[in-house]
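Participant: my questions concern the predicted model and sequence given below.
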Amino acid sequence: MSAPPASAPPSAAPPVSAPPAARRPLAEQGDPEQVLAAYRWRLDPVTLREELTEPDDMRAIRRRLTEKLGSAIDNRARARLLSLRAVTSRILGELDDALADGRLALTYAEATGELRRTALAQARLAHVLRWRGDFAEADQLFAKANSVELPDRLRAALHEHAGRSCHDQGRLMEACHHFEQALDLRGAGDAELLDRIRVALDAVATRAAADGFGPYPRGRDEVLDRDRPPMPGRDGPLWGYTDPEGDLVIPARYAEAQPFHDGLAWVRRPDTDRWSLINLLGTTVIPPTYRAARPFSDGLAWVVTDGGWTAIDATGEVQVRPNFAEVRPFRRGVAAVRREGWGAVDRTGRIVVPTRYHGFATELADGQQIDGFTDEGLAVVDVGGRRGVVDRNGTPLVPPAHPMLVIHPVAFLVGDATGRWGALDRRGEPLIDPVHRDRAAVLAEIDRLLTDANPVL
């Protein structure tokens, strides 16, 4: 990732450019990606859009990006260059070209399967859509992009731009909420972000004084246009399901009731020890059959039959045969399972990670525990109290040799037996020696090492 354009406070003087005769053409000043990363523009204090002082410079950058794109041979490069070209076209006001590049960039990014690359393409496309006034799709893309597995700096930028989109719509309370989250993630260590947020909050205050703060902030599900399913609710001794207003919409006739996932929920009637499956209307989809059942995830649910845990689809058809003593939910096509040891299977039941590990103990740098694999397809495995990393294909990235190991968005934090922390890169090679007393110091050093930490959105 590369650095975001910085903005100055409204009172700051505009940057001084060299006289035209003294300036080298921008097309001759090095790699266009680096030039764009270093480009500085102001934020308009009313529209919260980037102001462009030198259109010819931006056209030169776009031309150089097009030249690089002509020789790009892999999906990663195409995704990056197309989405950056979308940025330049947006800044130049050529929104149809920006939209076409942004959508194609997202297709290439999704083909890589890389979380951060996809998030960047989503955010750049969302920014184009915001400028076009296509706010519903823009807001959805900003929400989809903002995963807890991304670096804090990128997450802060995503919240900042989502806040600007909300400002355009008059959703000023929601805009303030996004700006607050951006500051919580990066405010203390990012002077440029602070300046931009100050400009944005001034714009919010001015608009609120004239028009009010607008509607109440939406939740993530509402932004993504997801219907909130009924929730388990007790009526006397039995369980049913209530809507968001608290009204009972599925009668209370169950001794136990699990939450809905993928539009389906497991329930147990008082007259049986077997679980059945119902849909959102309360209609039974699978009659009482299973001694235990786990919620659906990725279109599959784990249930207990006489042979052990097995995975079924929504019709009850077996997809993974019953031969596991313990299981975890499917995430992006794989699930952790235990037989003689812990490993993983895909949706067909094929063993993709050998069942030879003592445990899965996946933790993210922000302290979140993951039940199996991350969205990137990484998992921390344990062998005799020593931890390593495997991917969803079973490839060992870090041998199980570390007393402590945490997944960072661009690295692996590792701790030794004395409690000192360091880091490995994503190939498992040493990045930072284990000399730090805590994770925070390692995180700060990783941030300094990143040359592309600031995303151009």
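Facilitator: Looks like it arrived, so ask away.

Participant: ok, the nearest residue to residue 231 once chain neighbours are set aside - contacts?
Facilitator: Spatial nearest neighbour of residue 231, excluding adjacent residues (CB to CB, 6 or more residues apart in numbering): residue 242 at 5.8 Å. Quick note: C-beta positions are derived from backbone N, CA and C, even for glycine. Residue 242 makes contact with 230, 231, 232, 233, 248, 249 under the criterion CB atoms under 8 Å, 6 or more residues apart in numbering.

Participant: residue 319 and residue 173: what is the separation?
Facilitator: 45 Å (CB to CB, to the nearest Å).

Participant: what's the answer for residue 255, then?
Facilitator: 42 Å.

Participant: ok, residue 306 next?
Facilitator: Distance from residue 306 to residue 173, by CB to CB: 55 Å.

Participant: so those two - more neighbours on which side?
Facilitator: residue 173 (16 against 7; other CB atoms under 10 Å).

Participant: for residue 208, see how far away the more buried one is.
Facilitator: Taken as CB to CB, the span from residue 173 to residue 208 is 9 Å.

Participant: also residue 313?
Facilitator: From residue 313 to residue 208 the distance is 50 Å (CB to CB).

Participant: go through this structure and flag its longest helix.
Facilitator: Secondary structure of the chain read by DSSP state H shows that its longest helix is helix 191-211.

Participant: in that helix, what counts as buried?
Facilitator: 192-201, 203-204, 207-208 (16 or more other CB atoms under 10 Å).

Participant: chain center to that helix: distance?
Facilitator: 26 Å (CA atoms, centre = their mean, to the nearest Å).

Participant: other residues contacting the next helix or strand after that helix?
Facilitator: Downstream of helix 191-211, the next assigned helix or strand under DSSP states H and E is helix 220-223. Defining contact as CB under 8 Å, 6+ apart, one finds that helix 220-223 is touched by 139, 140, 143, 227, 228.

Participant: of these, which is the most crowded?
Facilitator: So for the contacts of helix 220-223 (other CB under 10 Å), the most neighbours sit at residue 139, 24 neighbours.

Participant: so how far is the host helix or strand of that one off the chain centroid?
Facilitator: Here residue 139 sits within helix 135-145, counting by DSSP H and E. Distance, stretch centre to chain centre, for helix 135-145: 12 Å (CA atoms, centre = their mean).

Participant: which secondary structure elements does that helix sit against?
Facilitator: helix 115-132, helix 152-169, helix 220-223 (3 or more CB pairs under 8 Å, 6 or more residues apart in numbering; DSSP states H and E).

Participant: from the centroid of this structure, which residue is nearest?
Facilitator: residue 147 (2.1 Å; CA atoms, centre = their mean).

Participant: got the phi and psi for that residue?
Facilitator: Torsion angles at residue 147 (phi, psi; degrees, to the nearest 10) stand at phi -90, psi 150.

Participant: pLDDT at it, what is it?
Facilitator: Per-residue pLDDT puts residue 147 at 89.

Participant: kindly report the same for residue 115.
Facilitator: pLDDT at residue 115 comes out at 87.

Participant: list the contacts of it.
Facilitator: 147, 149, 150, 375, 376.

Participant: same check on residue 124?
Facilitator: Counting by CB under 8 Å, 6+ apart, residue 124 touches 83, 84, 86, 87, 102, 105, 457.

Participant: one more time with 7 Å, if that's ok
Facilitator: By CB atoms under 7 Å, 6 or more residues apart in numbering, the contact list for residue 124 reads 83, 86, 87, 102, 105, 457.

Participant: and residue 285, by the same measure?
Facilitator: 264, 277, 278, 279, 314.

Participant: state the distance from residue 166 to residue 140.
Facilitator: Distance from residue 166 to residue 140, by CB to CB: 13 Å.

Participant: ok, residue 303 next?
Facilitator: 33 Å.

Participant: same check on residue 443?
Facilitator: 30 Å.

Participant: likewise residue 150?
Facilitator: From residue 150 to residue 140 the distance is 17 Å (CB to CB).

Participant: same check, this time on residue 389
Facilitator: Residue 389 is 32 Å from residue 140, by CB to CB.

Participant: just for the chain, where's the confidence low?
Facilitator: Scanning the chain for pLDDT under 70 picks out 1-29, 450-454.

Participant: quick one: which of the buried residues of helix 191-211 is nearest residue 155?
Facilitator: The closest of the buried residues of helix 191-211 to residue 155 turns out to be residue 193 (CB to CB; 11.6 Å).
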